[in-house]
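S.K.: Build me a model from this:
(one chain, ligands or ions: 1)
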Amino acid sequence: MTKVVRLVVLGKQGAGKGTQCIRLSRHYVIEHIATGDMLRAAVKIGTEVGREAAEYMEKGELIPDDIVIRLVKERTSTGIAHERGFVLDGFPRNVHQAEMLNNMLLPDALDAVINLRVPTNLVLKRIASRRVCADCGATYSTLRPPTLNWTCDNCGGEVVQREDDTEAAIQRRLDLYELETKPLIAFYRHHRKLIEISGVGQEEAVSNRVIAAIDDVLSGVSKPTHSQTS
Ligand code: AMP
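M.R.: The predicted structure follows:
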């Protein structure tokens, strides 16, 4: 029987979480669960969740925990996520969400939590050049645009700048990262799940580092310890 693989990827906005999570989901054949993408889709379709989330998202504020937790619970409990596993991108975002995730899963169900480390000056540059497909969420940049006229290579959707990639909302999201999300590094180090990886460099070089570290944990060669430095 194939082992179920359950991963979380942490990192500042612009650290490359989305790109790396897509690569991880293809490599391990597991579901990529990105709460930001799910919420943007809900806003676009105009569901009840979307209507409630839109105002928070525009300002770069976090959506109330109960809404996001409900979405994650639904997605992790069915289909590929349930049968083969998942990589969570953008969740948990604070210690309360991390505790709820622990309650949702069997004890010790997470295999590893990867913290992608990138200096703030670099993430600011990456966010300024970031462009996304309005339909499928695929990420591009002004330096690496889609092949044809800002049309998504995957689905043909329009490739645009994210609505919350404004200066004020970016600053707010980075402040919230420091305040709410950064404590998760100590939380997961304490739970012996944390793997720290440099997110600087070419996408492929970063994903090779990430996959090698996860493979070591999955095969029992190494176990994340709380002695690792941040
Ligand atoms: P992201 O695409 O991960 O940068 O998320 C975009 C926006 O969606 C965030 O600025 C929040 O408003 C909202 N969001 C995404 N994930 C979460 C979460 N786990 N908790 C609360 N809000 C979230």
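
S.K.: Please count neighbours and contacts with C-alpha atoms only from this point.
M.R.: OK.

S.K.: Identify the residues contacting the residue most central in space within the chain.
M.R.: Centroid check for the chain by C-alpha atoms, centre = their mean gives Asp89 as the closest residue, at 1.9 Å. Applying C-alpha atoms under 8 Å, 6 or more residues apart in numbering to Asp89 gives the contacts 8-10, 17-18, 21, 32-35.

S.K.: Lowest-confidence one in these?
M.R.: Ranked by pLDDT, the contacts of Asp89 bottom out at Gly18 (92).

S.K.: how many neighbours does that residue have?
M.R.: Here the count is done by other C-alpha atoms under 10 Å, and Gly18 has 23 residues near it.

S.K.: Please identify which helix or strand holds it.
M.R.: Under the criterion of DSSP states H and E, Gly18 resides in helix 17-28.

S.K.: next structured bit after that helix?
M.R.: strand 31-34.

S.K.: strand partners of that following strand, parallel vs antiparallel please.
M.R.: Next to strand 31-34 in the sheet, as set by DSSP bridges, lie strand 85-89 (parallel).

S.K.: could you give me the average pLDDT of the partner strand?
M.R.: For strand 85-89, mean pLDDT rounds to 98.

S.K.: and Glu99, what element?
M.R.: helix 95-104.

S.K.: tell me what that helix is packed against?
M.R.: Helices and strands touching helix 95-104, by 3 or more C-alpha pairs under 8 Å, 6 or more residues apart in numbering; DSSP states H and E, are helix 65-76, helix 183-190.

S.K.: Just send those helices back as JSON lines, with distance to the ligand too.
M.R.: Below are the helices and strands packed on helix 95-104 laid out as JSON lines (distance: least, C-alpha to the nearest ligand atom, whole Å):
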{"stretch": "helix 65-76", "distance to the ligand": "6"}
{"stretch": "helix 183-190", "distance to the ligand": "12"}
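
S.K.: Quick check: which of those helices is nearest to Ala212?
M.R.: Closest to Ala212 of the helices and strands packed on helix 95-104 is helix 183-190 (C-alpha to C-alpha; 19.0 Å).

S.K.: what's the angle from the closest one to helix 95-104?
M.R.: Between helix 183-190 and helix 95-104, the angle comes out at 40 degrees (axes from the mean of the first three to the mean of the last three C-alpha atoms, to 10 degrees).

S.K.: Buried residues in helix 183-190, which are they?
M.R.: 184-185, 187-189 (16 or more other C-alpha atoms under 10 Å).

S.K.: Thanks a lot, see you next time.
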